[in-house]
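In: This is a predicted model, with the sequence first.
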Amino acid sequence: MSVLVNKNSRVIVQGFTGSEGSFHAQQMIEYGTNVVGGVTPGKGGQMHLDKPVFNTVAEAVAQEGANVSIIFVPPAFAADAILEASEAGIGVIICITEGIPVKDMIPVKAYLKARKSILIGPNCPGVITPDEAKVGIMPGFVFKKGNIGIVSKSGTLTYEAADQVVKAGMGITTAIGIGGDPIIGTTTKEAVEMLMNDPETEGIILIGEIGGTYEADAAKWIRSDGNRKPVVGFIAGQTAPPGRRMGHAGAIIGGADDTAAAKMRIMRENGIIVVDSPADIGETMRKAMERTGVLS
Amino acid sequence: MAGLILRLIKIASLFMNIHEYQAKELLKKYGVRIQEGILAHTPDEAEAAAKAIKREYNSDWCVVKAQIHAGGRGKGGGVKLAKSPSEAHEIASKIIGMQLITHQTGPEGKKVRKVLIAQDVYYPGQSPTKEYYVSILLDRGTSRNVIMASTEGGMDIEEVAEHTPEKIFKEWIDPIVGFQPFQARKIAFALGLSGNAFKEMVKFLDSLYKAYVETDSSMFEINPVLKTSDDKILAVDGKVNLDDNALYRHPNLVDLRDITEEDPLEVEAAESGLNYVKLDGNVGCMVNGAGLAMATMDVIKLSGGEPANFLDVGGGANAKTVEAGFRIILKDPNVKAILINVFGGIVRCDRVASGVVEAYKNIGQINIPIIVRLQGTNAELGAQIIAESGLKVFPAILLKEAADRIKEVLA
């Protein structure tokens, strides 16, 4: 098992023939992801990277049975691309695009509430289930198969965590990059819940950053759910000054509750093993797994 | 609850900032009534503006308001009442050129380059004047815009949120149907208004929300909103933050940017495509990815240093961006060491290493230790290039090793 994507996923790429879309589609295909085609309005009927190009997502769903979409279209058109994917019945929509205006995302989020589609991102590295499907821009070789799930707001920090997990002798079920924007489709808590309910995932790494309440919400849910699996947490931005934006639009310290220190305290209070240094994520996870008897 | 409100305010205040006079002009275009004023760059211009205000509003009084990108200007001595045009000249001569220090500027303050000469709106009349607070921003928890209003106008809203949160009234906007008249009425009633002032407030809120949506703003904060003695409702101050990501739709708003209000190093970095925030520490850093950059700052702190900056070189770490990053970090005299931390994915570590060597040679004299931590694609090859370059550079592969190197060079 795994969550969101696996070897049976039928993946399409929106923004397939653009430079970003082409490059990462090629990487995904080489990884072994089941990419069944792509969408570029006006280029339907052509072939690209030996896969069919469609004018609409609906056609890709009808003809190729697509059920996962990854979006690389520019920010001005990304909200429209998400809505089109959902309307066409795509189950998992992964939006990589960075820089979508907040005003465009507010109605998208409201629209998706009434639908079955799960949106991951935007402004995220994507999702990977090692040896099965890489639906994102992460370096695939870093992620080895295993039983640790990862949820993270950040791209390179996800790779860092995965690398440490692998070097500590473990591997990954699914790594989910949820994105760093103020409005994202899937929250930390929702992503953690998926992994908590995945029978193959035995431990979870939760990587957050300053800003918002997602990590605190996830921590409270983990406790209310009975701390069924060990969770190792890290919050980036312990040294960030209040009121300044740190790269990600959502990464800014607001009130007292969303500083790194406050989030770490809330996570500890709810039974999460919090590390101060990002260099300790892998080793701490290994020790936690040894205690549960999964590793010996 | 107090925590929620604090968070909403601060999180929203993170996009492009504009001056009070610009914010007011923008609001006026959408039908929001404002305290009128004229911009002045010199004491002479200030006096002429005060005379024009006198002719227009038949009052000798006007307010001289320093225009800088920071709140708390009044408490800092940047807002003063003038009782005649000659007094406006005198006050402006003191305010223009001063380093205005407020709780938002930092201890060095900000240089005042211009003042707004504004009409006096607190004139006596039939009913007492009363100040209110109104803001609009994104509530990340609900992914909706929220309008916050309070009877405690003119005060620091964070104080109100902390001590009397019940005095802050909130109305969330449904994205499907938008801001409705009944919601405007609810807010106006909650503020205790009646008669003409009530009608004015409903119209004020409606125009304000329209301005917020149509300009792609990420925050409006109008504090105070004033009920005048003749029952008009108007904006006495205006803080407007625009969504950077939406500026492509508003070329006219891009022109409102005032780079003299920004840190020169941050402006230079932005021109090179780097995301840089200057801090006060002694260890500079250059990292790919915002999350890893913040984590790297944390590693510096845990290793006994203090981060001198946040710097995300993004996905394209190459010789050119590395060199630009070096040059910016080296301009900060407090920097005693630099940590480069790149997790290579699509970016190959050997190319980053070559880039570092090339940039190092181009710059010439770098007299502080540099730690280069390369991990991911071709990490070993990258470390080898660094080791063989003969430069005074400390290579590392594991993040732990990088932390140990920092301890060594700071010892």
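Out: Now that the structure is in, tell me what you want to look at. Numbers count the residues shown, from 1 in each chain, chains lettered A, B, ... in the order given.
In: Any idea what B:M219 is bridged to?
Out: B:L137, B:N241 (DSSP bridges).
In: Do I have it right that it meets B:D243?
Out: No - in this structure, B:M219 is not within contact of B:D243 by Cβ atoms under 8 Å, at 9.3 Å. Backbone N, C-alpha and C define where each C-beta goes, glycine included.
In: Quickly list what's touching both of these two.
Out: Both B:M219 and B:D243 are contacted by B:F15, under the criterion Cβ atoms under 8 Å, 6 or more residues apart in numbering or on different chains.
In: And those two? Which one has more around it.
Out: Legend: neighbour count by other Cβ atoms under 10 Å in any protein chain shown for B:M219 and B:D243, higher for B:D243 (26 against 23).
In: residue contacts, the residue of the stretch 301-411 of chain B found nearest chain A?
Out: Closest to chain A within the stretch 301-411 of chain B is B:G345: 3.5 Å, counting by Cβ to the nearest Cβ. By Cβ under 8 Å, 6+ apart, the contact list for B:G345 reads A:137-139, A:142, A:156, A:159, B:376-377.
In: how about the nearest residue to it, chain neighbours excluded?
Out: Nearest residue to B:G345 in three dimensions, chain neighbours excluded: A:P139, at 3.5 Å (Cβ to Cβ, 6 or more residues apart in numbering or on different chains).
In: Could you point out the helix or strand that follows whichever strand or helix holds B:Y276?
Out: Per DSSP states H and E: B:Y276 is located in strand B:275-278. Next along the chain after strand B:275-278, taking DSSP H and E as the criterion, comes strand B:283-287.
In: who are the neighbours of that following strand, in terms of helices and strands?
Out: In terms of contact count using 3 or more Cβ pairs under 8 Å, 6 or more residues apart in numbering or on different chains; DSSP states H and E, strand B:283-287 is assigned the packing partners helix B:290-302, strand B:309-312, helix B:319-330, strand B:337-344.
In: List the contacts of the residue of the stretch 151-296 of chain A found nearest chain B.
Out: As assessed by Cβ to the nearest Cβ, chain B sits closest to A:S154 within the stretch 151-296 of chain A, at 2.1 Å. For A:S154, the contact set (Cβ under 8 Å, 6+ apart) comprises A:177, A:180, A:207, A:209, A:236, A:248, B:289-292, B:294-295.
In: Now restrict these to buried residues only.
Out: A:177, A:180, A:207, A:209, A:236, A:248, B:289-292, B:294-295 (16 or more other Cβ atoms under 10 Å in any protein chain shown).
In: Any stretches of chain A with poor pLDDT?
Out: For chain A, applying pLDDT under 70 flags the ranges A:242-257, A:294-296.
In: would you list every one of the strands in it?
Out: Per DSSP state E, chain A carries strands over the ranges A:11-14, A:35-39, A:47-48, A:51-54, A:68-71, A:92-95, A:118-120, A:126-129, A:133-136, A:145-152, A:172-177, A:203-209, A:231-236, A:273-274.
In: Distance to B:E162 for the ones you listed - can I get that in CSV?
Out: Shown next, in CSV, are the strands of chain A (distance: least, Cβ to Cβ, whole Å):
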stretch, distance to B:E162
strand A:11-14, 46
strand A:35-39, 50
strand A:47-48, 57
strand A:51-54, 55
strand A:68-71, 41
strand A:92-95, 37
strand A:118-120, 35
strand A:126-129, 40
strand A:133-136, 42
strand A:145-152, 32
strand A:172-177, 36
strand A:203-209, 25
strand A:231-236, 24
strand A:273-274, 27
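In: Would you quantify the distance from the nearest residue to A:T56 once chain neighbours are set aside to A:A88?
Out: Closest residue to A:T56 apart from its sequence neighbours, by Cβ to Cβ, 6+ apart: A:V39 at 6.6 Å. Plainly put, A:V39 is 9 Å away from A:A88 if you go by Cβ to Cβ, to the nearest Å.
In: what touches both of the two?
Out: In contact with both A:V39 and A:A88: A:56-57, A:60, using Cβ under 8 Å, 6+ apart.
In: Among the residues you listed, name the ones in helices.
Out: Those of the shared contacts of A:V39 and A:A88 mapping onto helices are A:57, A:60, per DSSP state H.
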